[in-house]
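Participant: structural data only, the sequence is not supplied:
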């Protein structure tokens, strides 16, 4: 097990920079997610880690070993990494056991040792009864688990996962998320997980690298990312919330309720600072509001089981998202209390 | 370069070297031909190209070629589109069998087709004698004519139109038809307003293919035209070479250039229309459309079956009957029926065994060699930039796209002198035919392999690479097993085409080196129609069984590899 160090990694396809000066340090045993919308360069970054793409600039280190730079390229087969592909990439001409055992064969593992390790890997994903089946006979979730077993059979230094849940239905996703977390806990492997689904990344990763147009926008724990997103774009990409313009505060500052409400009361021309207000930080008072209150009109509401999502429009035209335990009347005027807000950097 | 790159680059260089070799070998005959045909142009009126262009026989043969191929194309168009529309669009029954039977004429070698039709007509036809319908002795054989050639060319190339149109029809999204139906169009309106316009380019492309194939056909005009003194370009070249030998090579090269240019213009036209037929159709495709024939179903079925009876069954029956009589002109009945011809060709005729052995060695050898080359070649090609890949594929396709006669002349030019350095003479040996087969059929083997490789999810190989498998290891343990059916199908197709090949070997054979195709041709020319029929029956049986075994492989192959399965 080893950590990964990325220094100013760049990948250029013709004129287009798919990955642009990305630097990261992944600790040994850490579970890291590369998160971003499609086309942000996260898959290209993963393929550079695996060695399928050469870097155009910068360096990738695994522990002390240089894996890739402009002049140097360690081939994928010599990197001791493993990968779960979006399509699983199970070889259709081999049985489940042969699929899992293939990396062992390449390392010269034979006989009883080979049998034991294949069985061990299959038992870790609870697939021992399926050892002699072919991949075509398995369901999507089972194929996914075979791919996982194949990854862990050789104790790779890094496990790469390329949108592994993209092809599964919603129900299966939840249970697979659980098995990934479990897998990581047991193997303590360094894992890099690529996804465009923020809830998946938040649920699984120790740290998340948010990418936009080839650049790293923020590199933080899920909690920090949720509570303190750096830019306006990250705030809109992660979690729910409303962005308002106010006249006080500075990027990277947390504002209390009073300061926030005062900043909001200033004339529009003076309000230059974007602030993120999460719905859990808005209190809605359905009883008739008084003159002094901050008011808004109920535009739309969605039943979510444990609560209603209330979409509000304020007098100035800004929209707000809040939660409320009961249904409200459409068009109803309500009073609002904002509890806190987080000041954002504008986007580049 | 870092040491970690060396293994990968050694592998890449070897494959690149193979690719370059193959490209050079594919290009060499055509280039040699071009040089020969354009040589001595400075001599003005005496240059071979000018002499050929001034000769009346050239223009007569050219007009014959255009007449027979053009009319043949129209017959192919009529037959091919009838079958393609009915089989692909409607709910007629027994589709698989109809397709198989309709495709069979394409795979039966032209000299056998010609021979079987000759057994069907004329005063000596054993079949007509047997049923008492033979015309009086001395009446002409109607097939020894331009129209006879045209008819057979049309039947032989109809499957090409069928295939192109069927592909086009199958790629027509079902939703397009359903949307028209829901808008209120009746079946025949859907056909006229939607299906026909969308598949028009498929029709044109198929017709162009039929035209090129007829233009290059040698077996049919040779067996039907030469007895009548009716020469087309390929038979003109054959006739000249047979009479004057290598002395007229320069002029033959010029003639070949003429057909070659015509054929390649046809190919360009066909590619252009093929490209246009893929106009970004979205939606689910690949399913037949199930137009209901209703009460006309029986009628349409009878129509298709009777067409097949005329173009396939009747000539084959005539062929079988001819192989069972003691001599031409004798009616077949319980007293005359004999297997003598079969005893003769299998037991006594040394030439038959020799020709069979030669053809099997040539075809089998070519299939094996080409199978060995195809996988690494396709693997390397797939990694080339798209434009370079297309260019390389076109070069490899050249020896197959050119008419066989042209390739044969080019190969003679290339090898008529002993090879330099090793000082081996290929001319007049089986080796020359073998080399020509390798050049001609490489693309036949390569195409299924390439198609299969393109369908392979690249992550399968990447997964093996991350697991620690080097390039050769990946090729042998991951790619090869997955491509194996396509590789095998490619080899089988090569064998099927090469074992019956006549056009190339007709010009390249020499005494003791005849092939199966040449044998049938020579037997018929020597008046041994009964023996020729017996050999032909064996050939048809072999073709049909090879086709059946390919059909059995079909479920494990990418779409379009087995031509007669959609």
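Facilitator: Structure's in. What do you need? None of the values given here were measured: they were computed from a predicted structure.
Participant: only C-alpha atoms from now on, for both contacts and neighbour counts.
Facilitator: Noted.
Participant: what does the stretch 51-200 of chain A put close to chain B?
Facilitator: A:52, A:71-83, A:85, A:87, A:89-93, A:102-103, A:106-107 (CA under 8 Å from any CA of the partner chain).
Participant: just those: which are in strands?
Facilitator: Judged by DSSP state E, strands contain the following of these: A:81, A:82, A:83.
Participant: so can I have CSV of the residues you listed showing distance to residue A:13?
Facilitator: CSV is the format used below for those (distance: CA to CA, whole Å):
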residue, distance to residue A:13
A:81, 25
A:82, 25
A:83, 23
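Participant: quick one, which of the residues you listed are buried?
Facilitator: For these, a burial check counting by 16 or more other CA atoms under 10 Å in any protein chain shown picks out A:81, A:82, A:83.
Participant: quick one, helices of the stretch 451-566 of chain B?
Facilitator: B:458-467, B:471-474, B:480-499, B:503-508, B:516-525, B:529-553 (DSSP state H, counting those that start in this stretch).
Participant: among the ones you listed, which is nearest chain A?
Facilitator: helix B:458-467 (4.6 Å; CA to the nearest CA).
Participant: give me the contact list for the lowest-mean-pLDDT helix or strand in chain A.
Facilitator: Counting by mean pLDDT, DSSP states H and E, the weakest-scoring helix or strand in chain A turns out to be helix A:170-187, with a mean of 82. Outside of helix A:170-187, the residues within contact range by CA atoms under 8 Å, 6 or more residues apart in numbering or on different chains are A:31, A:141, A:152, A:165, A:191, A:200, A:203, A:204.
Participant: for whichever helix or strand comes after it, which strands pair with it and how are they oriented?
Facilitator: With elements assigned by DSSP states H and E, the helix or strand that comes after helix A:170-187 is strand A:190-195. Sheet pairing for strand A:190-195, assigned by DSSP bridges, gives strand A:31-35 (parallel), strand A:158-162 (parallel).
Participant: follow-up on the earlier one: distance between the least confident helix or strand of chain A and the chain's centre?
Facilitator: Relative to its chain's centre, helix A:170-187 lies at 14 Å (CA atoms, centre = their mean, to the nearest Å).
Participant: identify each buried residue in it, please.
Facilitator: Under the neighbour-count criterion of 16+ other CA under 10 Å, helix A:170-187 has A:173, A:176, A:177, A:179, A:180, A:183, A:184 buried.
Participant: tell me the two of the residues you listed that are most distant?
Facilitator: A:173 and A:184 (16.3 Å; CA to CA).
Participant: rank the strands paired with strand A:190-195 by mean pLDDT and give me the bottom one.
Facilitator: Of all those, the minimum mean pLDDT falls on strand A:158-162 (a mean of 91).
Participant: list of residues touching that one?
Facilitator: Identification of contacts with strand A:158-162 by CA under 8 Å, 6+ apart yields A:1-2, A:43, A:46, A:50, A:80-86, A:151, A:189-195.
Participant: if we use 6 Å, what do you get?
Facilitator: Strand A:158-162 has contacts (CA atoms under 6 Å, 6 or more residues apart in numbering or on different chains) with A:81, A:82, A:83, A:84, A:85, A:86, A:190, A:191, A:192, A:193, A:194.
Participant: next, count neighbours for the one residue in chain A that gets nearest to chain B.
Facilitator: Closest contact between chain A and chain B, by CA to the nearest CA, is at residue A:77 (3.8 Å). Number of residues near residue A:77 (other CA atoms under 10 Å in any protein chain shown) recorded here: 21.
Participant: residue boundaries of the helices in chain A?
Facilitator: Along chain A, the segments classed as helices by DSSP state H run A:42-50, A:96-106, A:111-124, A:140-152, A:170-187, A:198-204, A:222-227, A:232-237, A:257-265.
Participant: quick one: contacts for the residue of chain A closest to chain B?
Facilitator: Contacts of residue A:77 by CA under 6 Å, 6+ apart are B:465, B:466, B:468, B:469.
Participant: not counting sequence-adjacent ones, nearest residue to the first one?
Facilitator: Right, the one you point to is residue B:465. residue A:77 (4.8 Å; CA to CA, 6 or more residues apart in numbering or on different chains).
Participant: chain A contacts on the stretch 451-566 of chain B?
Facilitator: B:459, B:460, B:465, B:466, B:467, B:468, B:469 (CA under 6 Å from any CA of the partner chain).
Participant: and the lowest-mean-pLDDT helix or strand in chain B, what's buried?
Facilitator: Lowest on mean pLDDT, DSSP H and E among the helices and strands of chain B sits helix B:174-182, with a mean of 73. Buried residues in helix B:174-182, counted by 16+ other CA under 10 Å: B:174, B:176, B:177, B:180.
Participant: quick one: closest of the helices of chain A to residue B:160.
Facilitator: helix A:140-152 (41.2 Å).
Participant: compute the inter-axis angle for that closest one and helix A:170-187.
Facilitator: 20 degrees (axes from the mean of the first three to the mean of the last three CA atoms, to 10 degrees).
Participant: now for helix A:140-152, which elements pack on it?
Facilitator: The contact analysis (3 or more CA pairs under 6 Å, 6 or more residues apart in numbering or on different chains; DSSP states H and E) places helix A:140-152 against no helix or strand.
Participant: give me the mean pLDDT for it.
Facilitator: Mean predicted confidence for helix A:140-152 is 88.
Participant: now that helix: how far from the chain's centre is it?
Facilitator: 21 Å.
Participant: angle of that helix against helix A:96-106?
Facilitator: On the basis of the same axes, to 10 degrees, helix A:140-152 is oriented at 20 degrees to helix A:96-106.
Participant: residues in contact with helix A:140-152: which ones?
Facilitator: The contact list for helix A:140-152 (CA under 6 Å, 6+ apart) reads A:82, A:84, A:88, A:100, A:121, A:122, A:125.
Participant: any idea how far residue A:47 is from the residue nearest the centre of chain A?
Facilitator: The centroid of chain A falls nearest to residue A:201 when counting by CA atoms, centre = their mean (2.8 Å). Distance, residue A:201 to residue A:47, by CA to CA, to the nearest Å: 19 Å.
Participant: again with residue B:396
Facilitator: Remark: distance between residue B:396 and residue A:47 (CA to CA) = 34 Å.
Participant: if you count what's nearby, which of these two comes out ahead?
Facilitator: residue B:396 (25 against 18).
Participant: what's in contact with the host helix or strand of that one?
Facilitator: Assessed by DSSP H and E, residue B:396 sits inside helix B:386-401. With contact meaning CA under 6 Å, 6+ apart, helix B:386-401 is reached by B:26, B:381, B:440, B:443.
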